[in-house]
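Asks: predicted model and sequence follow; I will ask about them next.
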Amino acid sequence: MRKFSPKRYAGWPLSFLICASILFAPFASTPAQAAEADKETKITLLGTSDIHGRFMPWDYALDGPNPTGSMTQLYTIVKKVRAENPNTILLDAGDMIQDNSAELFNDQPQSPMMVAMNEMKYDAWVMGNHEFNFGLDVLEKISSQFKGQPLVGNIFKENGDRYMPAYTIIEKDGIKVGVIGMNTPMITEFEKGTDHLDGIIVKDPVEETKKAIAELKGKVDVMVGLMHMGLDNENGNPGTGVTDIANANPELAAIFAGHMHTLIESQTVNGVLISEPNKYGSHISRIDLTFAKEGDKVVLKSKEAQALAVKAADGSYEVSDPGLEDTLHPFHEYARADANIEVAELKGTNLVPADEIKGIPAVQIQETPLSDFFTEVMLHYSDADVVAHQIDNDKAKLDVGPIKKKDIAFNYQFTFGEVTVYEVTGRDLKDYMEWSAGYFNSTRPGDVTISFDPKRRASKYSTDDFFGGVTYEIDLTKPYGSRITNLKYSNGTVVKEEDTLKLGMNAYRMEALIAKGGALEGRKFKQLWSSKDASAFGEIQGTIRNLSIAYLKDVMKGVYEPKIQHNWKITGVDLTAPARADIVELINDGIMSVPATEDGKYTNIASINILDAVTEEEMTALAAKANVSIAKFSGVKTKGEFYQELNKARKAFTGSGEEETSPEKPTTPTVPKPDTSKPGKPSTSPSTGKPGTVIKGKQAKVTAAYLNVRSSASSKAKVVTAVPKGTVLEVISTDKYGWVKVKLDGRAAYVYGKYVSMLK
């Protein structure tokens, strides 16, 4: 019953107040009791996951800054939240110690990841699948450095004891929070063929969560999950996603998910709140739990989740905590020095040609010396008949000159990718290759660019695989499943369905292929060998990265000169159509762009076709960009015809849409008037200021509808961009031919002075 309070009835008759106070007196609680009953307590849970070695905002594969996520930036966010609410608990859902050169410190006294976690005061850390990549000895050495509580409730020792605790109890302001940690049972698949799980048994996390909940009942006020699993079941395997855990365990108030490198701000399954913070330290999940006391009980009144991003909406990045940076600096320098070790010299040609078309990565649509190089390495060490690999980097690049360790890592980004050899048939190989070729869109008459299937482009497995030891063509005019043609072994023999052969590839890729929904679903293959076997090269030296380095040093003797192998090519796209050259110029000059997803994250999701009818809308938009009149294209029917005419028109016309009247040099020589001004100050012109001189602090305003900005002072120079009427440009200088040198986006460029007016 609510306490009687005279304040609530100020102004009422005194006699009534006296009677009322007597009436309610037997039922009134003390002020202290009332305050306690009305008090609400908010506990803030912060969850990170899949940081993968990002202890500083630095990409050690590239050896360059990477501000998109790191422990030092997350610490800045954590400090802000703790200042707002001292009742904050910090948790991590796994995959902390692998990637971005973190493994360099496995044999060192300290791991930078543990130093960072301890400095940030993490309360608990659940083991992810990649924590087991190095074997139990390494994991035990590194996890012993952690001052918080390591968890993994579904992994047991052979004697029946848990390998690590299933839960921990953390108390904040009198509220006891039980945190239950589980790992994906898929680690048995990921670590197949290694001895990394020898001595432990992986059990069902759904059932083990039930057991942990039963043990915690009566000991805590609330229970949350810390699970290295994604929202949905992985590869269709039951019990591998937190949805199954939530449906079976509604006692959980919330779950921090991980593993799938996905951003889930807030989702509810069976009353359980779920949040996943993406990957690589780009986000931190925040779950706020609000409690109130009801008698002797603490009751959860509300819960909400959100994601706190390192990159703000305005494009700026969170500040990296300077104190933590100082602490981690020795590890930073150690990793950088390792990345810059030179292993060989590249001669002859670059391993990746420049992209012909901006937005269409050459490394994904054609055979390159880089893909041939990794093929060469895999065939040399594996004794396989055929090998397959991926290059998950659209910006892959390795130019003639020194080859450093960081160059190999940058171009083969799967840190622990290895070569595992399986016994397969010709049919299995062909089916795998057909799935791989599904990365590309089908083409039709008039397509002049190769494009990527939007779903595959955006998926976790986002590339076409490259195959060595065979030659083949990918015919994009044929339907999915029938694109691989002229498939032969390197010796020219045709690959037959009934052939038995040795296929070398990454085991992780194979697991995806044979899983539910995979191209080789349900098939079983005999594993013959793995480069990571203890009898081969071992866990670290058996990676494709390290095999590549060994190949360059030991086999190539420090000098590599590539030879194009002509293994494969794509057919079914018209690369010789005359209009294609115009399209290439229009795209590279910024007038056109290759089709992309709405958010712009994935490019080249549709082919450009020259036979399709062109719309008035497209003509209007591109004509405006090119600064030419739309009237010039009356009667144009197809896109190809329009692109050709547009490119021709923009080269002949200036930014105002009128024919250029000022070439690089005046058609009629003029004699300059005598200079009557002071020494060192040339005569001025009303439109361009001081010809031939530098102009400091001057600005020019664009008077044309659109004005071309060029790379040099010539009507034939490349158009860098076009700016609309009213744009104010910073002037650097002018010349006597009417060109104005301006500063745009930090770089020098040129506009014709006739179409700008100088501002005072």
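Replies: In hand now; what should we look at? Residues are numbered from 1 along each chain as shown.
Asks: any weak-confidence spans in this protein?
Replies: 1-38, 460-462, 653-696, 705-706, 760 (pLDDT under 70).
Asks: again, only using 80
Replies: Along the chain, the parts satisfying pLDDT under 80 run over 1-38, 61-62, 193, 460-463, 653-697, 704-708, 715-725, 736-737, 745-746, 760.
Asks: biggest helix in it by residues?
Replies: Looking across the chain with DSSP state H, the single longest helix is helix 322-339.
Asks: list the buried ones in that one?
Replies: For helix 322-339, burial by neighbour count (16 or more other CB atoms under 10 Å) applies to 324, 325, 327, 328, 331, 332, 334, 335, 336, 338, 339. Glycine gets a C-beta too; all of them are placed from N, C-alpha and C.
Asks: export the residues you listed as TSV, with columns for distance to residue 492.
Replies: Listed next are the buried residues of helix 322-339 as TSV, based on distance: CB to CB, whole Å:
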residue	distance to residue 492
324	59
325	58
327	60
328	55
331	52
332	52
334	50
335	46
336	47
338	43
339	42
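Asks: nearest to residue 698, of those residues?
Replies: residue 325 (41.9 Å; CB to CB).
Asks: quick check: that closest one vs residue 644, distance?
Replies: Separation of residue 325 from residue 644 (CB to CB, to the nearest Å): 54 Å.
Asks: same deal with residue 535?
Replies: 62 Å.
Asks: out of these two, which sits in the busier spot?
Replies: Higher neighbour count among residue 535 and residue 644: residue 644, with 21 against 7, using other CB atoms under 10 Å.
Asks: tell me if the more buried one really is in a helix.
Replies: Yes. Remark: residue 644 belongs to a helix, assigned using DSSP: H, G, I helix; E, B strand; the rest coil.
Asks: and it, what does it touch?
Replies: 578, 579, 582 (CB atoms under 8 Å, 6 or more residues apart in numbering).
Asks: can I get the CA coordinates of the helix or strand hosting the last one in CSV?
Replies: Pointing back at residue 582 there. Taking DSSP states H and E as the definition, one finds residue 582 inside helix 578-588. Extracted in CSV, the C-alpha atoms of helix 578-588 (Å, rounded to 0.1, in the frame of the first residue of the first chain):
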residue,chain,number,x,y,z
PRO,A,578,33.1,-0.2,-80.0
ALA,A,579,30.9,1.4,-77.4
ARG,A,580,32.7,-0.4,-74.6
ALA,A,581,35.8,1.8,-75.0
ASP,A,582,33.5,4.9,-74.4
ILE,A,583,31.9,3.2,-71.4
VAL,A,584,35.3,2.6,-69.9
GLU,A,585,36.2,6.3,-70.3
LEU,A,586,32.9,7.5,-68.9
ILE,A,587,33.2,5.3,-65.8
ASN,A,588,36.8,6.0,-65.1
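Asks: of the contacts of residue 644, buried ones?
Replies: 579, 582.
Asks: and the contacts of residue 644, which is closest to residue 286?
Replies: Nearest to residue 286 among the contacts of residue 644, with distances taken as CB to CB, is residue 582, at 51.2 Å.
Asks: surely the closest one meets residue 642?
Replies: No. Using CB atoms under 8 Å, residue 582 makes no contact with residue 642, being 9.6 Å away.
Asks: so where do the strands sit in the stretch 51-200 of the chain?
Replies: Ranges of strands in the stretch 51-200 of the chain, per DSSP state E, counting those that start in this stretch, are 58-59, 64-65, 88-92, 124-126, 149-151, 155-157, 167-172, 175-183, 200-202.
Asks: if we can go back for a sec, and which of the contacts of residue 644 is nearest residue 465?
Replies: Closest to residue 465, out of all of the contacts of residue 644 and judged by CB to CB, is residue 579, at 31.9 Å.
Asks: roughly how far does that closest one sit from residue 47?
Replies: Applying CB to CB to residue 579 and residue 47 gives a distance of 53 Å.
Asks: check residue 450 too.
Replies: When residue 450 is compared with residue 47 (using CB to CB), they lie 41 Å apart.
Asks: what do you get for residue 458?
Replies: In this view, residue 458 and residue 47 are 25 Å apart by CB to CB.
Asks: what about these two, which has more around it?
Replies: The neighbour comparison of residue 458 against residue 47 (other CB under 10 Å) goes to residue 47, with 28 against 14.
Asks: residues contacting that one?
Replies: Residue 47 touches 91, 92, 93, 226, 256, 275, 277, 284, 285, 286, 287, counting by CB under 8 Å, 6+ apart.
Asks: what about those residues, which are in strands?
Replies: Using DSSP state E, 91, 92, 226, 256, 275, 277, 284, 285, 286, 287 are the members of the contacts of residue 47 that sit in strands.
Asks: is it possible to get TSV of the residues you listed that adds neighbour count?
Replies: Below are the ones in strands among the contacts of residue 47 laid out as TSV (neighbours: other CB atoms under 10 Å):
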residue	neighbour count
91	28
92	33
226	29
256	30
275	26
277	32
284	28
285	28
286	22
287	24
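Asks: tell me which of those is nearest to residue 432?
Replies: When those are ranked by distance to residue 432 (CB to CB), residue 277 comes first, at 33.7 Å.
Asks: hang on, the earlier thing: using CSV, write out every CA atom in the helix or strand following the helix holding residue 582.
Replies: Counting by DSSP H and E, the next helix or strand C-terminal to helix 578-588 is helix 616-626. Presented in CSV, the C-alpha positions along helix 616-626 are these (Å, rounded to 0.1, in the frame of the first residue of the first chain):
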residue,chain,number,x,y,z
GLU,A,616,15.1,9.8,-70.8
GLU,A,617,16.0,9.8,-67.1
GLU,A,618,19.4,8.3,-67.7
MET,A,619,20.2,10.6,-70.6
THR,A,620,19.2,13.6,-68.6
ALA,A,621,21.3,12.6,-65.6
LEU,A,622,24.4,11.7,-67.5
ALA,A,623,24.2,14.6,-69.8
ALA,A,624,24.1,16.9,-66.8
LYS,A,625,27.1,15.2,-65.3
ALA,A,626,29.0,15.5,-68.6
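Asks: could you give the angle of helix 616-626 to helix 578-588?
Replies: 60 degrees (axes from the mean of the first three to the mean of the last three CA atoms, to 10 degrees).
Asks: ok, residues contacting helix 616-626?
Replies: Taking CB under 8 Å, 6+ apart as the rule, helix 616-626 contacts 586, 590-592, 629-630, 632-633, 636, 639, 642, 646, 649-650, 706, 719, 722.
Asks: mind checking the SS state of residue 435?
Replies: helix.
Asks: hang on, it packs against residue 513?
Replies: Yes. Counting by CB under 8 Å, residue 435 does reach residue 513; the two are 7.2 Å apart.
Asks: what do those two both touch?
Replies: Common neighbours of residue 435 and residue 513 (CB under 8 Å, 6+ apart) are residue 519.
Asks: chain center to stretch 328-341, what's the gap?
Replies: 23 Å (CA atoms, centre = their mean, to the nearest Å).
Asks: what does stretch 444-464 give?
Replies: Centroid displacement of stretch 444-464 relative to its chain, using CA atoms, centre = their mean, is 18 Å.
Asks: now stretch 239-258
Replies: Distance, centroid of stretch 239-258 to centroid of chain: 26 Å (CA atoms, centre = their mean).
Asks: what is the end-to-end distance of that stretch?
Replies: 14 Å (CA to CA, to the nearest Å).
Asks: could you do stretch 481-498 as well?
Replies: Across stretch 481-498, first to last residue, CA to CA, it's 18 Å.
Asks: list the buried residues of it.
Replies: Buried residues in stretch 481-498 (16+ other CB under 10 Å): 483, 484, 487, 489, 495.
Asks: can you list contacts of that stretch?
Replies: Contacts of stretch 481-498 (CB under 8 Å, 6+ apart): 385-386, 425-427, 429-430, 433-434, 437-438, 469-476, 478, 501, 571.
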